[in-house]
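Trainee: build me a model:
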Amino acid sequence: MAGDDLTPSEAAILVVLMVEAREVLNTELRERYGLDVRKPSRDKLARLHYVSNRKSGRTTALQLDDKGWVRMQSDFDFKARGATALGAALTALHTHLRDRIVERSGAANLTELFARTEMRAPAGLSPRTDMRAPAGLGPRVLAAVRALAEKPGDWVGLRRLRPFFADVPRDELDEALRQLSDRGAVTIVPESNQRTLTAADHEAALRLGGQENHLLAVGV
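Mentor: Take a look at the predicted model:
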């Protein structure tokens, strides 16, 4: 992604957080990987919305943010003076994970591949399995929403859903969401407390019924 000016070390931080696919303490990163994410890198990655971080006791908890998952689909420059072999290894690993392993796994992208819950529609699922689900993206959207919800019927933010469809043009995903809504397969609503919305929430919103919508649920 041109313009973000990531250093090789900052790119490597994103790779580690992708693999962890959860909120992880900086102390744990140091113990497990010898990685210390210092404040300048934390602030820069947070400003880019690649990593979210919060204070947790005397340390910091970090997690790959929505735009960070999307950023993982693009190339990185891992080359650094004195670390040519290491940079080459990371470049090869990231490139072939994205271009070969993802395809063989059946996942749509690296976000699905490393997610801790199953995001893919069950094998062989067709629209006839649920007559309300349209063809194409419909079954995959329903599978992702169910995986992201803590329990059936829970609301899921569109800002959390969109990174799992980084391989799909936005207008195609929006159309699939509208079809699911029209058929009653999902319920899509605005956030009732607009003050809680972030810039990322507004960016991910879906225009439907003359208003911006931020949340969706299955079975509501």
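Trainee: C-alpha from now on. contacts and neighbour counts both.
Mentor: Will do.
Trainee: which parts of the lowest-mean-pLDDT helix or strand in the chain are buried?
Mentor: In the chain, the helix or strand scored least confidently by mean pLDDT, DSSP states H and E is helix 84-96, which has a mean of 83. Buried residues in helix 84-96, counting neighbours by 16 or more other C-alpha atoms under 10 Å, are found at Gly87, Leu90, Thr91, His94, Thr95.
Trainee: from these, pick the one nearest Glu23.
Mentor: Set against Glu23, the nearest of those by C-alpha to C-alpha is His94 (21.0 Å).
Trainee: tell me the SS of the residue nearest the centre of the chain?
Mentor: Nearest to the mean C-alpha position of the chain, by C-alpha atoms, centre = their mean, lies Pro163 at 3.7 Å. State at Pro163, reduced to three classes by DSSP: H, G, I helix; E, B strand; the rest coil: helix.
Trainee: and it, how far is that from Arg104?
Mentor: 20 Å (C-alpha to C-alpha, to the nearest Å).
Trainee: the strands in the protein, which residues?
Mentor: In the chain, the segments counted as strands under DSSP state E are 24-25, 51-56, 59-64, 156-157, 186-189, 206-208, 211-213, 215-218.
Trainee: could you export those as a markdown table, including mean pLDDT?
Mentor: Listed next are those as a markdown table, based on pLDDT from 0 to 100:
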| stretch | mean pLDDT |
| --- | --- |
| strand 24-25 | 94 |
| strand 51-56 | 93 |
| strand 59-64 | 94 |
| strand 156-157 | 93 |
| strand 186-189 | 95 |
| strand 206-208 | 94 |
| strand 211-213 | 95 |
| strand 215-218 | 95 |
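Trainee: ok so, going back, how much space between the residue nearest to the centre of the chain and Ala21?
Mentor: 13 Å.
Trainee: now Gly138
Mentor: From Gly138 over to Ala21 (counting by C-alpha to C-alpha), the distance is 25 Å.
Trainee: quick one: which of those two has more around it?
Mentor: Using other C-alpha atoms under 10 Å as the criterion, Gly138 and Ala21 rank with Gly138 on top: 22 against 18.
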